[in-house]
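> Next one to model:
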Amino acid sequence: MKDCICKGTGFVYDMNTMRDVACPMCYTSKYHNSRPTVSEIVFDSAAEAERYLALKDMAKCGEITDLVLQPAYEVLPSFSCQGKHHHSITYRPDFGYTESSTGKRVVEDVKGFATDVFKIKAKMFRYRYPDIELRVIEA
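Numbering: from 1, shown residues only. Okay, here's the model as predicted:
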């Protein structure tokens, strides 16, 4: 960490977002997997990076359109109850796109294993957005 750009703090200032972010040189994920970079995009896993490349090829071939990385979906809006404010809950799958053959909107999440939080958010997503297909890609 001595030679790291963060000088041992674990954070660097990002000029794009105007906030401190985890240092890319010393960051370790909570599952201790590597964080590969493809086309200057840092992915959470090698499997996610590989899926991105496959989806890019599918987009080039015209099989899919409107490829988006980490689209945000509100699965529970913010609300107040008994004088307490509760923030909204957002689900961010890894990818979103439209299938050219059917026009159907699809979101994908690449998972090594499904956490309890993911299972709950996936269930909420499927309830709130029944017209969007959620596909879980097992790594």
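
> Can you give me every residue that contacts Lys56?
Leu67 (C-beta atoms under 8 Å, 6 or more residues apart in numbering). C-betas here are computed from N, CA, C, even on glycine.

> List the buried residues in the lengthiest helix in the chain.
Ranked by residue count, the top helix of the chain under DSSP state H comes out as helix 46-61. Buried residues in helix 46-61, counting neighbours by 16 or more other C-beta atoms under 10 Å, are found at 47-52, 55, 58.

> so which of these would you say is closest to Glu138?
Set against Glu138, the nearest of the buried residues of helix 46-61 by C-beta to C-beta is Ala47 (8.6 Å).

> and that closest one, what pLDDT?
pLDDT, Ala47: 90.

> can you pull the contacts of the nearest residue to it once chain neighbours are set aside?
Once flanking residues are discounted, Ala47 sits nearest to Ala139: 3.5 Å by C-beta to C-beta, 6 or more residues apart in numbering. By C-beta under 8 Å, 6+ apart, the contact list for Ala139 reads 45, 47-48, 110-112.
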